[in-house]
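>>> give me coordinates for this.
(one chain, ligands or ions: 1)
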Amino acid sequence: MKIGVFDSGVGGKSVVNAIEKALPELEIAYVTDKDNLPYGTKTPEQLIELVIPKLKQLEAAGCQAIVVACNTVTTTIIKEAREAIKIPIIAVEPMVKPACEMTKSKTIAVCATPTTLNSNRYKELLELNARHITVLEPDCSDWVYLIETKAADRSSIENRIVEVCEEGADVIVLGCTHYHWIEQEIKEIADKYGAKVIQPEAALVARLKRVLEQLP
Ligand code: DGL
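From the prediction side, this is the model:
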């Protein structure tokens, strides 16, 4: 069985690795759009223009489902994406609900791109889950660039994580798949404050399995 995975760049590769580990029998077509990186500062209109042709390309290549491994796309144009193709889409979005259920300090931090943080879907997630929770949104807008250029090191991320931990966040949400590549560094910093770091790969793989089992 063949599936597609799409992201603007290397964030998708982290998700591909997780899927390959759990479902080694799958054939995966992994498509990116590095010419138009970053997606995290684009408008919904720009994203529709860039993303829909890529999804159609994966559908035409015989994929039976597509994983949209990009929070930015999911939170802004998932409705348009689902309308544009006939095969199922499995998508990632910031894990606001689990974070709100986990937090004891009633303070969480969401690390995500500017477009995700400005999206209606993200605001809806806050409205549904975080009414009585303080949600910190550190400025991570340079991280995608740093990760794509392999220039992200501990010093370029540390202050953002230290700051939210000192403000009381005990759960940190990685709301951009690119940040999965610096999960270990973030965990090491957060660990000193007893804060947990969460990202959606395990949940996504579980959802993908369920969707594939239900395919005709
Ligand atoms: N990896 C994408 C996400 O999960 C965004 C990367 C970008 O800004 O291009 O949001």
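
>>> and residue 207, how far is that from residue 3?
12 Å (CB to CB, to the nearest Å). All C-beta atoms are positioned from the backbone trio N, CA, C, and that covers glycine.

>>> which of the two has more neighbours?
Per other CB atoms under 10 Å, whichever of residue 207 and residue 3 has more neighbours is residue 3, with 24 against 15.

>>> and the more buried one, backbone torsions?
phi -130, psi 160 (degrees, to the nearest 10).

>>> could you do residue 139 as well?
Taking degrees, to the nearest 10 as the convention, residue 139 sits at phi -80, psi 100.

>>> what about it, neighbour count?
Residue 139 has 11 neighbouring residues, counting by other CB under 10 Å.

>>> how much space separates it from residue 176?
Counting by CB to CB - residue 139 and residue 176 are separated by 13 Å.

>>> residue 201 now?
Distance from residue 201 to residue 176, by CB to CB: 13 Å.

>>> which one of these two has more residues nearby?
Taking neighbours as other CB under 10 Å, residue 201 and residue 176 compare with residue 176 leading, 29 against 20.

>>> residue 140 is in contact with the more buried one, correct?
Yes. With contact defined as CB atoms under 8 Å, residue 176 counts as touching residue 140 (7.3 Å).

>>> mutual contacts of these two, please.
Each of 111-113 lies in contact with both residue 176 and residue 140 under the rule CB atoms under 8 Å, 6 or more residues apart in numbering.

>>> of those, which is the nearest to residue 158?
residue 111 (13.0 Å; CB to CB).

>>> list the buried residues for the lengthiest helix in the chain?
Using DSSP state H, we find that the single longest helix of the chain is helix 44-60. For helix 44-60, the neighbour count (16 or more other CB atoms under 10 Å) marks 44, 47-48, 50-52, 54-55, 58-59 as buried.

>>> what mean pLDDT does that helix have?
In this model, helix 44-60 has a mean pLDDT of 98.

>>> and for stretch 4-19?
Mean predicted lDDT for stretch 4-19 stands at 98.

>>> quick one, helices of this protein?
So, for the chain - with DSSP H - the helices run 11-22, 44-60, 71-84, 96-102, 114-118, 120-129, 143-148, 154-166, 183-191, 201-213.

>>> need those helices in TSV with distance to residue 135, can you?
Below are the helices of the chain laid out as TSV (distance: least, CB to CB, whole Å):
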stretch	distance to residue 135
helix 11-22	22
helix 44-60	22
helix 71-84	15
helix 96-102	8
helix 114-118	10
helix 120-129	6
helix 143-148	18
helix 154-166	10
helix 183-191	16
helix 201-213	20
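
>>> excluding its backbone neighbours, what's nearest residue 162?
residue 189 (6.4 Å; CB to CB, 6 or more residues apart in numbering).
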